[in-house]
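> next one to model:
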Amino acid sequence: MPEGDSVLQLANRLQFMTGREVLHTSLRVPSVATVRFDGAVCEAVWPYGKHLFMQFGDAVLHTHLKMEGTWAMHLAGDRWRKPGHTARVVLRLEGAPHPRPIEVVGHELGLVEVFRAREYQERIGYLGPDILAGDWETAGRAEARSRILARPDREIGRALLDQKNLAGVGNEYRAEICFLAGVHPARPVRDTDVDEILAISRRIMWANRNSPIRVTTGVRRAGENAYVFGRNRRPCRRCGTLIEKDFLGGGEDLERVIWWCPHCQPA
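Residues are numbered from 1 along each chain as shown. As a prediction, this is how the structure comes out:
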């Protein structure tokens, strides 16, 4: 599922767009259907947490994968790998040195919006620090810590998924972070070592930032790369106790699955 590392890798793959002129634009979302970038040059592509941004002149295209979104790149005229009705963004760019233009297509995107570049800071102002940002150690960590500790009675599992606290952590990383920290996801923030949890979060996500497969166990083999995520009723890799799962959330937060080891992460 897309988390901060997935979007960072996506942004890296899309860096070829920078410096290329947009030949044709098709934004297939009613709110921005009339927007065109035709004739503009793509000036930058960058991630922030789970969000992806592209700048064309003074306009910024903001998209979010949510659960189902994907991006595809191919030469114009080639058959798409996904049905056309799933496309939300279609950008045709000059293809030099290749004679055919390049198409960049966003399928099943959960969010598509366009705003002026000068509005960028205001638009992302509600988000916490990006856990994969270069300034995480100098500024981001302290800000994320402050935001999490502002609600000490909240469950740490909810706090980690709240993008207003820190941007980029998703459900898979949450499960692994809590296991490595030895805390149950439903334990209140006040009863956890937030500094240690943030250090673990940064360490494992940074280690996976360029990897096609997420690994928290140190083992890359399929089925052995995670400690608790998706392993309900399977033995804990540390103590052999069966992993359990439940749901955490509701109210202001979406209800999401949690996994934990009852021995290594006592409630």
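> for the stretch 51-200 of the chain, which segments are assigned as helices?
Assigned by DSSP state H, counting those that start in this stretch, the helices in the stretch 51-200 of the chain fall at 120-123, 141-149, 156-161, 171-181, 194-207.
> pLDDT at Asp246, what is it?
pLDDT recorded at Asp246 is 97.
> surely it is within a strand?
Yes: assessed with DSSP: H, G, I helix; E, B strand; the rest coil, Asp246 lies in a strand.
> show me the contacts for it.
257-258 (C-beta atoms under 8 Å, 6 or more residues apart in numbering). Backbone N, C-alpha and C define where each C-beta goes, glycine included.
> bridged to it, which residues?
Beta-bridge partners for Asp246, by DSSP bridges, are Ile258.
> and Val41, by the same measure?
Applying DSSP bridges, one finds that Val41 bridges with Glu21.
> ok, Arg158 - how many residues close by?
23 (other C-beta atoms under 10 Å).
> contacts only, for it.
Here Arg158 is in contact with 248-249, 253 (criterion: C-beta under 8 Å, 6+ apart).
> which one of the helices of the stretch 51-200 of the chain lies closest to Lys66?
helix 171-181 (12.7 Å; C-beta to C-beta).
> ok, residues contacting that closest one?
1, 3, 156-157, 160-161, 169, 184-185, 192-193, 196-197, 200-201, 204-205, 214, 216, 226-230, 256-261, 264-265.
> quick one on the thing from earlier: buried ones among the contacts of Arg158?
Neighbour-count burial within the contacts of Arg158 applies to Leu248; the criterion is 16 or more other C-beta atoms under 10 Å.
> now, which of the contacts of Arg158 sits nearest Thr63?
For those, the closest approach to Thr63 (C-beta to C-beta) belongs to Asp253, at 22.7 Å.
> distance of the nearest residue in space to the closest one that is not next to it in sequence relative to Gly128?
Spatial nearest neighbour of Asp253, chain neighbours left out: Arg158 (5.4 Å); criterion: C-beta to C-beta, 6 or more residues apart in numbering. Here Arg158 is placed at a distance of 13 Å from Gly128 (C-beta to C-beta, to the nearest Å).
> domain assignment for this structure?
4-123, 136-260 (automatic domain parsing).
> quick revisit: any chance of the contacts of Arg158 in TSV, with distance to Phe53 too?
Putting these into TSV (distance: C-beta to C-beta, whole Å) gives the following:
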residue	distance to Phe53
Leu248	30
Gly249	28
Asp253	25
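> of the contacts of Arg158, closest to Asn12?
Asp253 (30.2 Å).
> quick check: the gap between the closest one and Asp246.
14 Å.
> same question for Asn225.
Noted for Asn225: a distance of 23 Å to Asp246, by C-beta to C-beta.
> do the same with Ala133
32 Å.
> low-scoring stretches of this structure, by residue?
For the chain, the stretches with pLDDT under 70 are 1.
> let's see 80
Scanning the chain for pLDDT under 80 picks out the ranges 1, 251-252.
> ramachandran coordinates for the residue in it sticking out farthest from the centre?
Centroid-distance maximum for the chain: Pro99 at 34.1 Å, with C-alpha atoms, centre = their mean. Torsion angles at Pro99 (phi, psi; degrees, to the nearest 10) stand at phi -70, psi -30.
> look up how far Tyr173 lies from it.
43 Å.
> residues contacting Tyr126?
By C-beta under 8 Å, 6+ apart, the residues touching Tyr126 are Lys164.
> revised request: answer the last question for Arg141.
129, 198, 202.
> ok, Gly230 next?
By C-beta under 8 Å, 6+ apart, the neighbours of Gly230 are 172, 259.
> what about it, distance to Glu172?
8 Å.
> if you skip the residues just before and after it, what's nearest to Val219?
Nearest to Val219 is Asn225, by C-beta to C-beta, 6+ apart, at 6.1 Å.
> just give me the neighbour total for Lys226.
Check again: residue 226 is Ala, not Lys. Ala226 - counted by other C-beta under 10 Å - has 20 other residues nearby.
> name the helix or strand for it, please.
Assigned by DSSP states H and E, Ala226 belongs to neither a helix nor a strand.
> among the contacts of helix 171-181, which ones are buried?
If we count by 16+ other C-beta under 10 Å, the contacts of helix 171-181 have these buried: 3, 156-157, 160-161, 169, 184-185, 192, 197, 200-201, 204-205, 214, 216, 226-229, 256-261, 264-265.
> lovely, talk soon.
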